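S.K.: need coordinates for the following:
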Amino acid sequence: MHSWPQPEIPTLEGDAIALSLYDTADGVVKPVEITNNTAGMYVCGITPYDSTHLGHAATYLTFDLIGRILKDQGVTVTYVQNITDVDDPLFERAERDGVDWRELGTSQINLFRSDMEALSVIPPEHYMGAMETIDEVIDMVTTLLNNGAAYIVDDPQHPDIYASITATPQFGYESNYSRTLMEQFFAERGGDPEREGKRDPLDALIWRARREGEPFWEAPFGAGRPGWHVECSAIATRRLGPHFAIQGGGSDLIFPHHEFSAAHAEAAHGHSRMAGHYVHTGMISLNGVKMSKSLGNLVFVSKLTEQGHDPSAIRLGVYAGHYRKSRDWSDEVLAQAESRLDNWRHAAQVATNKNAAAELVQRVRTLLANDLDTPAALNAIDQWAQASSHTSDFGEESELLHNPSESFTQAGALVARAIDALLGVKL
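M.R.: Got it, this is the predicted structure:
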């Protein structure tokens, strides 16, 4: 499956700073593993049954930031992202709307691509749908069955296959959750603790046996379709190997999804740890209320851009809060981001101190390399903009803000390139 066009990313002068990120498993900020100047990054993609909202965008903008910082270091990033284009929420939404589930999925994948392109997000090198990687899942399920990590429930009608939580001795290391919390989240987030025939209520489905009216694929162990967690395990390890640098997604994926994705991969490959870092983003709320499909309080990227809002301002609105914290979105947040963007553009037109500009670039690099401290980085640029601007009243210069690049000073152009390269924000 194809992704979207690669944005042009400027190359910066000066010294890049090695990236350190918070690791959910170890609970500390630590350097990202770089091997032979390369790093593998797997980020869980969308289930394509609805448009890209700010919660989705915040996650993908976070990992875009990581990719940009590693690129600034000269690291080659192999970025993999999946699309769960076979799943119950997709079938349910298609049935509700009276459309074919494949058509619904295709339309939402296309919209996601256009949103990511508008936001200048670096595309994954491998953008993989579940349907095009069924053989990879079958191979992993076969391995797990053969080595005793998985079993078939005793149900002649629906002989589903489950992976045992006892298959890896380190199960639970990624989330560090208590058994009680695991049981709660497993039940709330797509698990089936009450399924008869399971050895443990927490054992996760890796192959759903064929049901009437559901899509299915033939397999040596019986026709059916993949479980959610093993899909990511198979896609990631096939392209990145049994151990890679970063596994990422929203904080709601810590458990069960990322815990089980890691456990399946580790049981299949015999590796003690799938990812060097497990990186998770905080949730986005709207006017103080958590943004969710069930509440219907979603802000869609496509709607914001259709209304004429600059994608760079959307990025700044998201980056105003730290990626690991829950953040609020509102008209005020967007208005502040647009004002900030205008201030930076004005400053880039009038700045004259190249030394101050170079110092700012290094300051921003340092702040972002410390667990993506975007609030501090944006504040540093604000201070530079204030010091560089001759007046807070743009007056006759305000028209330049919409087509500013031709009017940047040398110092301003230096900062503009850095803001583009590191933050994906275009002045």
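S.K.: need the CA coordinates for the host helix or strand of Ile138. CSV is fine.
M.R.: Using DSSP states H and E, Ile138 maps to helix 134-146. Only the C-alpha atoms of helix 134-146 are listed here, as CSV (Å, rounded to 0.1, in the frame of the first residue of the first chain):
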residue,chain,number,x,y,z
ILE,A,134,-2.1,-12.0,6.1
ASP,A,135,0.6,-14.5,5.1
GLU,A,136,3.0,-12.8,7.5
VAL,A,137,0.5,-13.2,10.3
ILE,A,138,-0.2,-16.8,9.4
ASP,A,139,3.6,-17.5,9.6
MET,A,140,3.8,-16.0,13.1
VAL,A,141,0.7,-17.8,14.3
THR,A,142,2.2,-21.1,13.0
THR,A,143,5.4,-20.4,14.9
LEU,A,144,3.6,-19.6,18.1
LEU,A,145,1.5,-22.8,17.8
ASN,A,146,4.6,-24.9,17.0
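S.K.: how far off centre is that helix?
M.R.: Centroid separation for helix 134-146 versus its chain: 26 Å, with CA atoms, centre = their mean, to the nearest Å.
S.K.: so what touches the helix or strand following that helix?
M.R.: Later in the chain than helix 134-146, the nearest helix or strand by DSSP H and E is strand 150-152. Identification of contacts with strand 150-152 by CB atoms under 8 Å, 6 or more residues apart in numbering yields 141, 144-145, 159-164, 167, 199, 206, 221-222, 267. Where you see a C-beta, it was placed from the backbone N, CA and C, and this is true even at glycine.
S.K.: could you list which of these belong to strands?
M.R.: Per DSSP state E, strands hold the following members of the contacts of strand 150-152: Ile161, Tyr162, Ala163, Ile206.
S.K.: can you name the two of those that are farthest apart?
M.R.: Maximum pairwise distance among these (CB to CB): 7.9 Å, between Ile161 and Ala163.
S.K.: next, the buried residues of stretch 27-37.
M.R.: Within stretch 27-37, the residues scored as buried using 16 or more other CB atoms under 10 Å are Val32, Ile34.
S.K.: and it, what's its mean pLDDT?
M.R.: The average pLDDT within stretch 27-37 is 97.
S.K.: list of residues touching that stretch?
M.R.: Contacts of stretch 27-37 (CB under 8 Å, 6+ apart): 18-23, 39, 66, 70, 73-76, 176, 245-246, 276-277, 370-371.
S.K.: ok so, going back, show me the contact partners of the helix holding Ile138.
M.R.: Contacts for helix 134-146 (CB under 8 Å, 6+ apart): 130, 150-152, 161, 163, 167, 206-207, 217, 219-221, 225-226, 230-231, 233-235, 237-238, 264, 267-268.
S.K.: pull the helix or strand with minimum mean pLDDT from this protein.
M.R.: The least trusted helix or strand in the chain, going by mean pLDDT, DSSP states H and E, turns out to be strand 289-290, with a mean of 82.
S.K.: what does that one contact?
M.R.: By CB under 8 Å, 6+ apart, strand 289-290 touches Met283, Ile284, Leu295, Asn297, Ser326.
S.K.: please repeat the previous calculation with a cut-off of 6 Å.
M.R.: Residues from elsewhere that reach strand 289-290 (CB atoms under 6 Å, 6 or more residues apart in numbering): Met283, Asn297.
S.K.: ok, it: who's next to it in the sheet?
M.R.: Partners of strand 289-290 in the sheet, by DSSP bridges, are strand 284-286 (antiparallel).
S.K.: the domain parsing of the chain - what is it?
M.R.: 20-284, 331-423 (automatic domain parsing).
S.K.: residue ranges for the strands of the chain, please.
M.R.: 20-23, 28-31, 38-43, 76-83, 126-129, 150-152, 161-163, 204-209, 224-226, 244-250, 275-281, 284-286, 289-290, 327-329.
S.K.: please convert those to JSON lines, extending it with distance to Thr106.
M.R.: Output for the strands of the chain, formatted as JSON lines (distance: least, CB to CB, whole Å):
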{"stretch": "strand 20-23", "distance to Thr106": "34"}
{"stretch": "strand 28-31", "distance to Thr106": "40"}
{"stretch": "strand 38-43", "distance to Thr106": "21"}
{"stretch": "strand 76-83", "distance to Thr106": "10"}
{"stretch": "strand 126-129", "distance to Thr106": "10"}
{"stretch": "strand 150-152", "distance to Thr106": "32"}
{"stretch": "strand 161-163", "distance to Thr106": "29"}
{"stretch": "strand 204-209", "distance to Thr106": "22"}
{"stretch": "strand 224-226", "distance to Thr106": "18"}
{"stretch": "strand 244-250", "distance to Thr106": "23"}
{"stretch": "strand 275-281", "distance to Thr106": "27"}
{"stretch": "strand 284-286", "distance to Thr106": "26"}
{"stretch": "strand 289-290", "distance to Thr106": "29"}
{"stretch": "strand 327-329", "distance to Thr106": "28"}
